[in-house]
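*Asks:* Any chance you could fold what I've pasted below:
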Amino acid sequence: MTKLFRVMAAAALLTGLLTGLLSACTADTPDPLTAAQDIRKAEDVPAVDTAEPGEVTDAPGLTVQQFEERFNTKAAEVGAKMNLEPSTFSQGSIPNTFQYAITANLILTGTLNPADDSVRAASLLTQGDGSEATSAHFFTAMSLVMLTMDPSLDLDQVTEIADSLKMTEADADFSSINETTERSGLRYRIEGSKEGAVQFSVEIPLDN
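*Replies:* Predicted structure coming up:
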C-alpha cells in the first residue's frame, strides 16, 4: 500500500491532477457504526486525538452542521463526488466528538470545543486495502478537510501542506510516516502504521 499511496500522492498533489482525482472519486456510504468497528479491528491503529479539549478562544466557529455544509460545498466547488451524509453521522463514543463514515474504509472524526460546540479538530482514519479507490478516497477527503478547516486555502496550498508533511516524497513510507506542520494557526499531522492504517488530522492547537 505504501507504493500505491506514494503514486496517488504524486499524481494527485505534485503533478496538479488533484481536481481530476476529486471528480473521479465515488464513495459508497455504509452504516457508520459498522464501518468504524471494521476499521478499529486492525491492531496498532493510530489513536485519534479525541481527548476532551480545553477551551479554545480562536476556534473557527463552525457547528457540526456548518462543518458538514462547508465540506459538501467545497466538494462541489472542486468537482468531488464525495459528501458528508447525515445518514452516516453518529455521536462519538468519547464526549465532544462525532463521526461520519465516508466509506467502509474511511472514517472522519471531529472534536468539539465544549465552550461553544464549535469544531476544533477533524481527523481521517483509513484502514487501506491496497486499492486505488481507497487511496483516492483518502486523498480526496484529506484535501476537503483542509479546505473545510481553512476555506482560504486553494489546491496549490493544499499541495504545499502535503509537501510539508513529506507525503509526496519519492521515498515516502506510509507505514512509518509521522509528520506535523503548522500553517495559519492550524496544525496538520499525518501518521501511519505497519498494519496499513493511516491517520490525517487538522486541529486548532490547544496552546493557541
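
*Asks:* pLDDT on the longest helix belonging to the chain, on average?
*Replies:* Identified as the longest helix of the chain according to DSSP state H is helix 132-149. Across helix 132-149, the average pLDDT comes to 90.

*Asks:* What residues sit buried inside it?
*Replies:* 134-149 (16 or more other CB atoms under 10 Å). For every residue, glycine as well, the C-beta is placed using N, CA and C.

*Asks:* Same check on stretch 150-167?
*Replies:* 150, 153, 155, 158-159, 161-162, 164-167.

*Asks:* for the buried residues of helix 132-149, which one is nearest Ala75?
*Replies:* Leu144 (5.6 Å; CB to CB).

*Asks:* Pick out the most distant pair among the buried residues of helix 132-149.
*Replies:* Using CB to CB, the two most remote members of the buried residues of helix 132-149 are Thr134 and Met149, lying 22.5 Å apart.

*Asks:* Now the element after the helix or strand hosting Gln66, going C-ward?
*Replies:* Using DSSP states H and E, Gln66 maps to helix 64-78. Counting by DSSP H and E, the next helix or strand C-terminal to helix 64-78 is strand 89-91.

*Asks:* Just the mean pLDDT for that next one, thanks.
*Replies:* Rounded mean pLDDT across strand 89-91 is 94.

*Asks:* buried set for that strand?
*Replies:* 89-90.

*Asks:* CA atoms of the helix or strand that comes right after it as CSV?
*Replies:* Note on strand 89-91: by DSSP H and E, the next helix or strand toward the C-terminus is strand 97-103. Taking Å, rounded to 0.1, in the frame of the first residue of the first chain, the C-alpha atoms of strand 97-103 are listed here in CSV:
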residue,chain,number,x,y,z
THR,A,97,-16.8,14.0,19.4
PHE,A,98,-18.7,13.0,16.3
GLN,A,99,-18.1,10.7,13.3
TYR,A,100,-19.0,10.4,9.7
ALA,A,101,-18.5,7.1,7.8
ILE,A,102,-17.4,8.3,4.4
THR,A,103,-16.7,4.8,3.1
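
*Asks:* Show me what strand 97-103 is packed against.
*Replies:* Counting contacts by 3 or more CB pairs under 8 Å, 6 or more residues apart in numbering; DSSP states H and E, strand 97-103 is packed against helix 32-39, strand 89-91, strand 106-113, helix 132-149.

*Asks:* Quick one: closest of those to Val78.
*Replies:* When the helices and strands packed on strand 97-103 are ranked by proximity to Val78 (CB to CB), helix 132-149 comes first, at 7.6 Å.

*Asks:* Quick check: what element follows the closest one along the chain?
*Replies:* Following helix 132-149 toward the C-terminus (DSSP H and E): helix 155-164.

*Asks:* now the angle between helix 132-149 and the following helix or strand past that following helix, please.
*Replies:* Next in sequence after helix 155-164, counting helices and strands by DSSP H and E, comes strand 178-183. Strand 178-183 and helix 132-149 meet at an angle of 30 degrees, taking axes from the mean of the first three to the mean of the last three CA atoms, to 10 degrees as the criterion.
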